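In: how would this look folded up:
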Amino acid sequence: MLRILDRYLLRELAFGILAVGAVLLLITVGGTFADVLGKVAAGRYPASIMFPVLGLRMVDTLTFVVPLAVFLGVLLSLGRIWRDSEMHVLASSGFGPRGLLRPIGLLALPLALAIALVSLWLGPWSVRAANALIDEANRSVVAAGLEPGRFVELPGKGGIIFVDSMSSDGTKLGRLFVENERVGNDGAQRIDIVTAKRGELYYESQGGNRFLALFDGHRFEGRLDRDDWRLMRYVRNDLALSQDQEDVNGDDPDHALPTPALWRQDDPGARAELAWRIGAPFTGLMLLALALPLARQSPREPRYGRLLLGVLCYFIYSNTLLLARAGIVKGQLSAAVGLWPAHFAVLAAAAWMFWRQYAPRRVRETA
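Out: Down below sits the predicted model:
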């Protein structure tokens, strides 16, 4: 049965973690939304699936958000208790370091299980679900916003397209009219008009681009201010529905693999991804242990001095983990060793600082 002090500390820590987690999620949503919106504007996938993709990608970011929220939430909550001298009052009543470790231990177990659930299963599943949603939408012009009998803006190109009919699955099109404006090699504005008897949508899975194959039609191109128009008749003409540019924010293929599939992989990238997923719950536990000694402060210390120190420690810790992961990918580190030295170093530093703070003080002898 929980004691009154245990319930009080658990409530304070939970509120602090939830508050910090909400702020971090809001910041993460802004960055993820900007990335998704940029890909929609480039025509890499339709705007109709923007919010489902955003939600699925936010699930994957919980692997990084939850450990940081735990670290900063505990740091702020315990820091307030120390700064208001509540911990000194509790210590005078016999509440020692063991009493502080009890609610921390009760909080650490469910948090570690939640991080493990997201890292090992929920995060990779959300990545696969988002990729499947994008692939399915890119194979249908219905999801791209095209409707028969309407003039619609060309996805990702800034032109106009008209379709008189389409199949039920949105992959086969009837007669088409496409108008697009572009800047020629001479810097002048040119206009392209394409007609076709039928069309078909296909998707380049590796490149992430969508194309519209036009059959049996004509192409007119030229300048409106000059009589230099050119007419071409074609059997097939492919039209890109997305900007042909490299996706610098593309996901790592190993990141979408299920965890059991990573066990059967022997390449360094899969081993690094597996080590990262297994180490995610331990990262949350190490940050929780590090927050205990960092949170102790006196009322005269700067209000956010320990918070800045904690952020600095987090960046050092996270960058060390990223360097170790890169070492596994390059074959410079063994996957069996992996990220464990960084975890153990943080645990040892936290244990040493915690022991120094609660170790009995030696009485100085006076002559």
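In: contacting residues for Ser168?
Out: By C-beta atoms under 8 Å, 6 or more residues apart in numbering, the contact list for Ser168 is empty. Where C-beta positions appear, they are placed from N, C-alpha and C, glycine not excepted.
In: So, low pLDDT: which residues of this protein?
Out: For the chain, the stretches with pLDDT under 70 are 1-2, 42-44, 94-97, 138-146, 154-158, 169-170, 184, 203-210, 241-251, 359-367.
In: Okay, domains of it per the record?
Out: For the chain, automatic domain parsing gives the domain ranges 4-137+253-358, 151-240.
In: mind listing the helices for the chain?
Out: 4-41, 50-83, 86-92, 97-117, 123-138, 259-263, 268-295, 305-329, 340-358 (DSSP state H).
In: Of these, which is nearest Ser167?
Out: helix 123-138 (15.4 Å; C-beta to C-beta).
In: Export the helices of the chain as JSON lines, with columns for distance to Leu231.
Out: Shown next, in JSON lines, are the helices of the chain (distance: least, C-beta to C-beta, whole Å):
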{"stretch": "helix 4-41", "distance to Leu231": "33"}
{"stretch": "helix 50-83", "distance to Leu231": "39"}
{"stretch": "helix 86-92", "distance to Leu231": "84"}
{"stretch": "helix 97-117", "distance to Leu231": "62"}
{"stretch": "helix 123-138", "distance to Leu231": "32"}
{"stretch": "helix 259-263", "distance to Leu231": "54"}
{"stretch": "helix 268-295", "distance to Leu231": "51"}
{"stretch": "helix 305-329", "distance to Leu231": "54"}
{"stretch": "helix 340-358", "distance to Leu231": "66"}
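In: my guess is Thr63 meets Val118, correct?
Out: Yes: counting by C-beta atoms under 8 Å, Thr63 touches Val118, with 5.3 Å between them.
In: So for the two, which residues contact both of them?
Out: By C-beta under 8 Å, 6+ apart, the residues touching both Thr63 and Val118 are Ala280.
In: Deepest-packed of the domains of the chain, please.
Out: domain 4-137+253-358 (a mean of 17; mean count of other C-beta atoms under 10 Å).
In: how far does stretch 283-295 sit from the chain's center?
Out: 23 Å (C-alpha atoms, centre = their mean, to the nearest Å).
In: what comes into contact with it?
Out: Applying C-beta under 8 Å, 6+ apart, the external contacts of stretch 283-295 come out as 66-68, 70-71, 74-75, 77-79, 82, 100, 104, 107-108, 111-112, 115, 306, 309-310, 313-314, 317, 321, 343, 346-347, 349-351, 353-354, 356-357.
In: cool, and stretch 296-307?
Out: Against stretch 296-307 from outside (C-beta under 8 Å, 6+ apart): 72, 75-76, 78-79, 82-85, 87, 294-295, 357.
In: at 10 Å what do you get?
Out: Contacting residues not belonging to stretch 296-307 are listed as 72, 75-76, 78-85, 87-88, 291, 293-295, 308-311, 353-354, 357-358 [C-beta atoms under 10 Å, 6 or more residues apart in numbering].
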